[in-house]
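Enquirer: give me a 3D structure for the following:
(chains A and B)
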There are 2 protein chains.
Amino acid sequence: MDNGAPTDHDNLNATGTLPKMAAEPGHDDARADLARPEPSRVSDELDEEDNTLRPAFLRKVVEALDAGDQETVYNLVEPLHPADVADLFELIGHDYRAALARAINDLLGSDVLAELNDWVRDDLVEELEPDEVAELAEQMETDDAVALIEDLDEADQQAVLAEMEPEDRAAIESALSFPEESAGRLMSRDVIAVPEHLSVGDLIDYLRRDDDLATEFWEVFVVDVKHRPVGTCQLSWILRAPREIALTDVMKRDQTLIPVTMDQEEVALRFQKYALISAAVVDESGRLVGQITVDDVVHIIQEEASEDILRLSGAGDGDINEPISLTVRTRLSWLVVNLGTAILASSVVGLFQNAIAHFALLAVLMPIVSGMGGNAGTQTLAVVVRAIATNQLTSSNTWWMIMRELRIALTNGLSLGLLIGTGTGLIFGNPHLGMVIAAAMIINNLVAGLAGILVPVGLDRLRVDPAVSSAVFVTTATDTMGFFSFLGLAVVTGLTS
Amino acid sequence: MDNGAPTDHDNLNATGTLPKMAAEPGHDDARADLARPEPSRVSDELDEEDNTLRPAFLRKVVEALDAGDQETVYNLVEPLHPADVADLFELIGHDYRAALARAINDLLGSDVLAELNDWVRDDLVEELEPDEVAELAEQMETDDAVALIEDLDEADQQAVLAEMEPEDRAAIESALSFPEESAGRLMSRDVIAVPEHLSVGDLIDYLRRDDDLATEFWEVFVVDVKHRPVGTCQLSWILRAPREIALTDVMKRDQTLIPVTMDQEEVALRFQKYALISAAVVDESGRLVGQITVDDVVHIIQEEASEDILRLSGAGDGDINEPISLTVRTRLSWLVVNLGTAILASSVVGLFQNAIAHFALLAVLMPIVSGMGGNAGTQTLAVVVRAIATNQLTSSNTWWMIMRELRIALTNGLSLGLLIGTGTGLIFGNPHLGMVIAAAMIINNLVAGLAGILVPVGLDRLRVDPAVSSAVFVTTATDTMGFFSFLGLAVVTGLTS
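Expert: As a prediction, this is how the structure comes out:
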């Protein structure tokens, strides 16, 4: 986020060619026309379509780094937006990061660090001395500074905090005292809070007078003597109201207050549900202690939704920048757990070894029954996990949802059973075999539907994240029941005798 | 979103008990204390923890509807926030929706409709006459009105548009002329745009004077004579700057402009990358035609991330409110495609029917090899699909990513192969069998890793959404290669002879 003072904004002009005072209306100025920025950030560095850095640009930077030509590197990187500089650090790979950081020195500001992937940031921060980290952290908003410092180990954290100004240190220490992923870690302490008796004019004068205030804010909070929020004013209401109107007549009294201990996923859902731009954060006694703005929440919504897909697949956080050893550990532990369930399912097959030796066609067809059950279970599971995560599936509609999934499972089971049963009967000239596989398919689809909803709902009730462990249970159910129903029906109905 | 004029905000006070002029600082008013809202929206209706409607509240509404007691229903629903009224319509189920709509009549405003799930909204809108729909649409912001009308069939659309005021109709028709899911559909036309020569004071006077302006906005766009954006002013900068300062000295010239045809997913990524609150939308000639605000983008980020997980699992849009026949159709078509791949895999097993008849233990163990490959492939696939969707995996780092996944696949394959190979060798007293399953496991993990990255990257290059069809190809690869490598190695190495 850009934190410059209002009059600094011209410095951000990327082209540097725009005339400071542009054309008057009705005065067609050709020079101004030439200097217009194109729609969207089209440039040599960025791909127009998906707004990512071009491989050719990346190659130029790498070549200059290889040649030790820091000046060229600096000139290449200088026109980039901080978010694109952050992307560059992510794309350029571990080996070049330190050299790049040295080459662009003063361009590596707090705005770049705030946009960096956690792993890449840790990579970089390890290269810096505590006083350098402290200096960067002091320039950042509290929430970004916390993100920078919270991942350091205890000793490094203390070393950095010791180098900071007492006021900034206190803010960060207080944020670190809240649980990870809570509103307290996420909030910024730079809030505009004013007493109830002001008029609109008083407020504007106060904002113009006091130079220490934040320069970027979206609403002004009105607080009582105990610093508890009583209302909120959007800046657009303030700008449109006459100066003499009382703030209490402009403000909205009903606002969403975020308790400081609320989990960030819950915070994100409130922002989404009530279309918030910013919201007040209050402590247990209801005092205003900070605010959360939507730009921080946007990252969380993205992360939490990604988390579900990655956890369901057993890929952990799935961050492509995390150390490969951590990725292997995460994925391997999931695979070992799944190996357990695979062995369990195969031991069901083991029960029918004699039947298979007699009639090997059973071994050919059995993966169809278990596999199709697995697919149907995964469908239900994905829908249910997302519905739980977005508060669409609540205790009010669980029964309705179970009945809905069972109806779907029955319809799909009947259709697939008919299809595969008829096919098998005809191809192998064995109607008995066709009926066995059809019945097994119906049974396994019902098992898939039931497991697909009951497992995540049950885990959620037990306060276990349904995305993390549901898949193992559902797959175990569909694999074992797939094999058991098919092979069992074959034996019981005398197909193998 | 709340669109009331500034002085209307007291009407939004949910408790209705707060004194209009609250306590002066230093004046401890017990009455004001009692009336303080609790932190967060705690109430009888809402569950405190996850902010969803309580089942008991829902039952009360249903009972009153059953009894035909419209007044009780109205009184129950009246204190709810529009977003919660929308939730109520979603939770209460199809059979009660029309009755609920009739009972709460004037509470079913445009703000409720804007928050409703698409399917539930269609359900409701079908009950209304075209002139009622037109009246609701006129109260809404353009983007919400478009969302209301775009799903109607052609004839209903025309009937509704015919009932609307010419100005509103023109705005909606113009929005409908842009492709679905484009910036043009998403943007609002209510923009504050001012010429370059104004001072801060001029701007504030203009905002106070003109009653027709939007009441909720986050930035003011400065445009040239051809109505092309030249800069943007955050309201906080305007409020903090002295009146006599020129707007051109306060504004930021470098801004993200969104082309009107840009896809909404791309729009969401820009908002996220550059931490935007709102952004100007421009047409091909660079003219300012509207703005997009972050609250609309938040929904898209959530939707797009959910879409990936649901599509990867073959659950379509996975909306729990969509008609069950549509859900069945979507899921069944996916299952039938997967049935094809399952048959393909089982035909590979068919090639080895004699070997299995000889040595039925092969049939017992083969699902382990194919299943573990499937799990490993799904892990890679989930990571790659999310990395593509969030622009983290680009043409600049595809090779690095392929090598990364291959290293992971090799490590996992070796570990799992060693584990299952040793176990199998020991349990069945057959080292040969152990070596065969170990080798097959290593091969299939490599196949899984390669397919997990090459399939989605390849589909993305071909401009096919990798989330939709990757899973089928990856599963086909791991199933067939799992069976083929295990059974093939068993036969070739003479295990079955």
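Enquirer: which residues touch the closest residue to chain B within chain A?
Expert: Nearest residue of chain A to chain B (C-beta to the nearest C-beta) works out as A:A305 at 3.1 Å. Heads up, the C-betas are built off the backbone N, CA and C, glycines and all. Taking C-beta atoms under 8 Å, 6 or more residues apart in numbering or on different chains as the contact definition, A:A305 lies against A:389, B:301-302, B:305-306, B:309.
Enquirer: pLDDT score for it?
Expert: A:A305 is assigned a predicted lDDT (pLDDT) of 77.
Enquirer: cool, A:T17 as well?
Expert: For A:T17, pLDDT reads 31.
Enquirer: re earlier: adding distance to B:F221, write the contacts of A:A305 out as JSON lines.
Expert: As requested, those are exported to JSON lines (distance: C-beta to C-beta, whole Å):
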{"residue": "A:A389", "distance to B:F221": "36"}
{"residue": "B:I301", "distance to B:F221": "24"}
{"residue": "B:Q302", "distance to B:F221": "27"}
{"residue": "B:A305", "distance to B:F221": "30"}
{"residue": "B:S306", "distance to B:F221": "32"}
{"residue": "B:I309", "distance to B:F221": "37"}
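Enquirer: can you select the buried ones from those residues in PyMOL?
Expert: Buried residues within the contacts of A:A305, by 16 or more other C-beta atoms under 10 Å in any protein chain shown, are selected in PyMOL with:
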select buried, (chain A and resi 389) or (chain B and resi 301+302+305+306+309)
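Enquirer: among the contacts of A:A305, name the ones in helices.
Expert: With DSSP state H as the criterion, helices contain A:389, B:301-302, B:305-306, B:309 from among those.
Enquirer: among those residues, which one sits closest to B:E181?
Expert: B:I301 (13.4 Å; C-beta to C-beta).
Enquirer: ok so, going back, among the ones in helices among the contacts of A:A305, which one sits closest to A:P242?
Expert: Out of these, the member with the shortest distance to A:P242 (by C-beta to C-beta) is B:I301, at 38.3 Å.
Enquirer: rewinding a little: any idea which of the contacts of A:A305 is closest to A:N397?
Expert: Nearest to A:N397 among those, counting by C-beta to C-beta, is A:A389 at 15.1 Å.
Enquirer: list the contacts of the closest one.
Expert: A:265, A:304-305, A:308, A:467.
Enquirer: A:L362: which of these is nearest?
Expert: Set against A:L362, the nearest of those by C-beta to C-beta is A:A467 (35.3 Å).
Enquirer: what's around A:A162, how many residues?
Expert: A:A162 has 11 neighbouring residues, counting by other C-beta atoms under 10 Å in any protein chain shown.
Enquirer: so it sits right up against A:P130, yeah?
Expert: Yes: using C-beta atoms under 8 Å, A:A162 is in contact with A:P130, at 7.4 Å.
Enquirer: and the strands in chain A?
Expert: A:193-195, A:219-223, A:229-234, A:257-259, A:278-282, A:288-293 (DSSP state E).
Enquirer: need those strands in TSV with mean pLDDT, can you?
Expert: Converted to TSV, the strands of chain A look like this (pLDDT from 0 to 100):
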stretch	mean pLDDT
strand A:193-195	93
strand A:219-223	94
strand A:229-234	93
strand A:257-259	94
strand A:278-282	94
strand A:288-293	92
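Enquirer: could you dump those to TSV with distance to chain B?
Expert: Shown next, in TSV, are those (distance: least, C-beta to the nearest C-beta, whole Å):
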stretch	distance to chain B
strand A:193-195	5
strand A:219-223	9
strand A:229-234	6
strand A:257-259	5
strand A:278-282	5
strand A:288-293	8
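Enquirer: are any of the contacts of A:A389 buried, and if so which?
Expert: Looks like those have A:304-305, A:308, A:467 buried, using 16+ other C-beta under 10 Å.
Enquirer: just to revisit the earlier point, and the contacts of A:A305, which is closest to B:T232?
Expert: B:I301 (22.1 Å).
Enquirer: ok, the closest one to A:L381 distance?
Expert: Distance of B:I301 to A:L381, given as C-beta to C-beta, to the nearest Å: 22 Å.
Enquirer: same question, A:L100
Expert: Distance, A:L100 to A:L381, by C-beta to C-beta: 42 Å.
Enquirer: who has more neighbours out of the two?
Expert: Set side by side, A:L100 and A:L381 show more neighbours around A:L381, with 27 against 23, by other C-beta under 10 Å.
Enquirer: could you double-check that that one lies in contact with A:L459?
Expert: No: with contact defined as C-beta under 8 Å, A:L381 does not count as touching A:L459 (11.0 Å).
Enquirer: tell me, what's touching the two both at once?
Expert: A:S470.
Enquirer: could I get the pLDDT score of the spatially closest residue to A:L495 that is not a sequence neighbour?
Expert: Distances taken as C-beta to C-beta, 6 or more residues apart in numbering or on different chains put A:H432 closest to A:L495, at 5.5 Å, once the chain neighbours are dropped. Looking at A:H432, its pLDDT stands at 96.
Enquirer: neighbours around A:H432, how many?
Expert: A:H432, neighbours per other C-beta under 10 Å, totals 13.
Enquirer: next one: A:L489
Expert: 17.
Enquirer: identify the residues contacting it.
Expert: Applying C-beta under 8 Å, 6+ apart, the residues contacting A:L489 are A:436, A:439-440, A:495.
Enquirer: just checking, A:V294 touches A:Y274?
Expert: No: counting by C-beta under 8 Å, A:V294 does not reach A:Y274; the two are 11.0 Å apart.
Enquirer: if you count surrounding residues, which of the two has more?
Expert: A:V294 (25 against 20).
Enquirer: the residue most central in space within chain A and A:E180, how far apart?
Expert: By C-alpha atoms, centre = their mean, chain A has its centre lying nearest to A:E303, at 0.7 Å. Note on A:E303: its distance to A:E180, by C-beta to C-beta, is 13 Å.
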